[in-house]
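I'll drop the sequence and a predicted model, then ask my questions.
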Amino acid sequence: GIQVEQSPPDLILQEGANSTLRCNFSDSVNNLQWFHQNPWGQLINLFYIPSGTKQNGRLSATTVATERYSLLYISSSQTTDSGVYFCAVLAGTALIFGKGTTLSVSS
Amino acid sequence: EAQVTQNPRYLITVTGKKLTVTCSQNMNHEYMSWYRQDPGLGLRQIYYSMNVEVTDKGDVPEGYKVSRKEKRNFPLILESPSPNQTSLYFCASSPQPSYEQYFGPGTRLTVT
């Protein structure tokens, strides 16, 4: 089945720093989403981005479907950005999630 | 407000006591699904439904049942819960699987 790999697994930042999270997938996809799992366990939709580039405030994402990867950029990080970031791609009728990147932002 | 709701949010129960976790969406979505999240195993699909009265197994269906009698509701039923079903459960919905999927807030279940 399709494989989804995220890097880095862990990231520690000072408030105000920028970061790039990467998601590699092993097959062509027609649904790719980025989520933030907050400390309360909730999955927050960040981007639905099967291809192209999108921006939402301090966050932006780019998916290059032909090269099978997606990037999530976080600029001017804040402590509230802490949590786990998941990339998920559709395989059949199920989203396949990567293992996530755990981000810790300290003030 | 467009949303997916789940109840209860937290539940501690005992082995063998039947329980139902409800899921409801107000977006008129055709597709709904259930996932469980476990440390080291990530999120895995339990069951999904493409439309009313149409359900099918996901990757880890053992020990679970679902029903889809109305478009908005997709309850997850544990007929005889066991400790290995202790997990964080999420319900999701979308117009179709390939569209953006929206997740409920999660239900943290502990079976003792």
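That came through, no problem.

partners of the lengthiest strand in chain B, with directions?
Across chain B, the longest stretch assigned as strand under DSSP state E is strand B:42-51. Paired neighbours of strand B:42-51 in the sheet (DSSP bridges): strand B:31-38 (antiparallel), strand B:54-57 (antiparallel).

show me where chain B has strands.
Going by DSSP E, chain B shows strands at B:4-7, B:10-13, B:19-25, B:31-38, B:42-51, B:54-57, B:65-66, B:76-78, B:87-94, B:102-103, B:107-111.

ok, now how distant is A:Thr93 from A:Thr62?
Taking C-beta to C-beta, to the nearest Å as the criterion, A:Thr93 is separated from A:Thr62 by 26 Å. In short, each C-beta sits where N, CA and C put it, glycine included.

again, but for A:Asn18
14 Å.

before we move on, what about B:Thr86?
Distance, B:Thr86 to A:Thr62, using C-beta to C-beta: 38 Å.

A:Phe35 too?
Distance from A:Phe35 to A:Thr62, by C-beta to C-beta: 17 Å.

more neighbours: these two, which one.
A:Phe35 (23 against 17; other C-beta atoms under 10 Å in any protein chain shown).

identify the residues contacting that one.
A:43-46, A:85-88, B:103 (C-beta atoms under 8 Å, 6 or more residues apart in numbering or on different chains).

give me that answer again for 10 Å
By C-beta atoms under 10 Å, 6 or more residues apart in numbering or on different chains, A:Phe35 lies in contact with A:42-47, A:83-88, A:95, A:97, A:100, B:43, B:101, B:103.

cool, A:Val4 as well?
Neighbours of A:Val4 in contact, by C-beta under 10 Å, 6+ apart: A:23-27, A:29, A:32, A:70, A:86-89, A:91, A:95-99, B:42.

and if you look at A:Val64?
Contacts of A:Val64 (C-beta under 10 Å, 6+ apart): A:51-53, A:70-71.

any of these buried? List them.
A:70-71 (16 or more other C-beta atoms under 10 Å in any protein chain shown).

turn the contacts of A:Val64 into JSON lines, columns for pLDDT, distance to B:Thr15 and secondary structure.
Converted to JSON lines, those look like this (pLDDT from 0 to 100; distance: C-beta to C-beta, whole Å; DSSP: H, G, I helix; E, B strand; the rest coil):
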{"residue": "A:Ser51", "pLDDT": "95", "distance to B:Thr15": "47", "secondary structure": "coil"}
{"residue": "A:Gly52", "pLDDT": "97", "distance to B:Thr15": "49", "secondary structure": "strand"}
{"residue": "A:Thr53", "pLDDT": "98", "distance to B:Thr15": "50", "secondary structure": "strand"}
{"residue": "A:Ser70", "pLDDT": "98", "distance to B:Thr15": "42", "secondary structure": "strand"}
{"residue": "A:Leu71", "pLDDT": "98", "distance to B:Thr15": "45", "secondary structure": "strand"}
